[in-house]
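> let me see the structure of the following:
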Amino acid sequence: MTRALHERTGALRKRLILIPLILLLSGCCLLPSKGRPGRETKRMLVTAYDAGPESCGWKRKYGCIGPPVYAYGPREGKPKKVGITADGTKAGKGTIAADASRYPFGTKMYVPGYGWGVVHDRGSAIKGDHIDIFFEDRDDALEWGRRYLDIIIERQ
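All right, here's what the predicted structure looks like:
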């Protein structure tokens, strides 16, 4: 009988040691949180764009026909892949253009009223704390307009 009692108390001691160890390793939910490392909130100008020529600076080579080419800048007249971002991915919901010197490709951002997105693009007018969010439809981009919002930024 004493042996059975000794085995039970030994098992109880192991559990009592294991519980605090698990809490220590996983972080206790009862302790105040200091936020997630690499996450910040910043007030930014948020504009919108689409894949059209007005937003992305391209035109047709021969007026209204021909392949798309850059309309201006150092690559003027050279072929342009429409709908492809600066990092080579296809633009879609969640694509964000930002100043790459501040927000490198892959930076995640939460834009209120739009949702989570990832920086995949840049633009000649996108400098500092200004981001451009992608919409499939030009009317949706125009409806968005210009907004100053508190953006959640998650750096890699």
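> can you map out the strands along this structure?
Using DSSP state E, the strands of the chain run over 39-49, 58-62, 65-70, 95-97, 108-111, 115-121, 130-134, 147-154.
> what's the average pLDDT for the shortest one?
Right, the one you point to is strand 95-97. Computed over strand 95-97, the mean pLDDT rounds to 95.
> could you do the last one as well?
Along strand 147-154, the predicted confidence averages to a pLDDT of 97.
> that strand pairs with which strands?
strand 39-49 (antiparallel), strand 108-111 (antiparallel) (DSSP bridges).
> contacts for the first one?
Judged by C-beta atoms under 8 Å, 6 or more residues apart in numbering, the contacts made with strand 39-49 from elsewhere in the structure are 55-56, 97, 111, 114, 123, 129-135, 140-142, 144-155. All C-beta atoms are positioned from the backbone trio N, CA, C, and that covers glycine.
> what's the answer for the last one, then?
Residues from elsewhere that reach strand 108-111 (C-beta under 8 Å, 6+ apart): 46, 96, 98, 103, 116-119, 131, 133, 149, 151-154.
> could I get the pLDDT score of the nearest residue to Ile96 once chain neighbours are set aside?
Excluding its sequence neighbours, the residue lying closest to Ile96 (C-beta to C-beta, 6 or more residues apart in numbering) is Gly117, at 4.3 Å. At Gly117, the pLDDT value in this model is 97.
> list the contacts of Gly117.
94-96, 108-111, 133-134.
> change it to 10 Å
Applying C-beta atoms under 10 Å, 6 or more residues apart in numbering to Gly117 gives the contacts 92-98, 107-111, 131, 133-134, 151.
> buried ones among the residues you listed?
Listed as buried from the contacts of Gly117 are 94-98, 107-111, 131, 133-134, 151; burial here means 16 or more other C-beta atoms under 10 Å.
> how about the residues you listed, which pair is most distant?
Maximum pairwise distance among the buried ones among the contacts of Gly117 (C-beta to C-beta): 16.0 Å, between Ala97 and Tyr110.
> remind me which residues of the chain are low pLDDT?
1-37, 53-64, 67-82 (pLDDT under 70).
> mind giving me the domain split of it?
According to automatic domain parsing, the chain comprises the domains 1-31, 39-154.
> got the contact list for Trp116?
Neighbouring residues of Trp116 by C-beta under 10 Å, 6+ apart: 93-94, 96, 108-110, 152, 154.
> and for Ala91?
Contacts of Ala91 by C-beta under 10 Å, 6+ apart are 49-51, 56, 82-85, 97, 120-121, 134-136.
> that's all I had, so thanks and see you.
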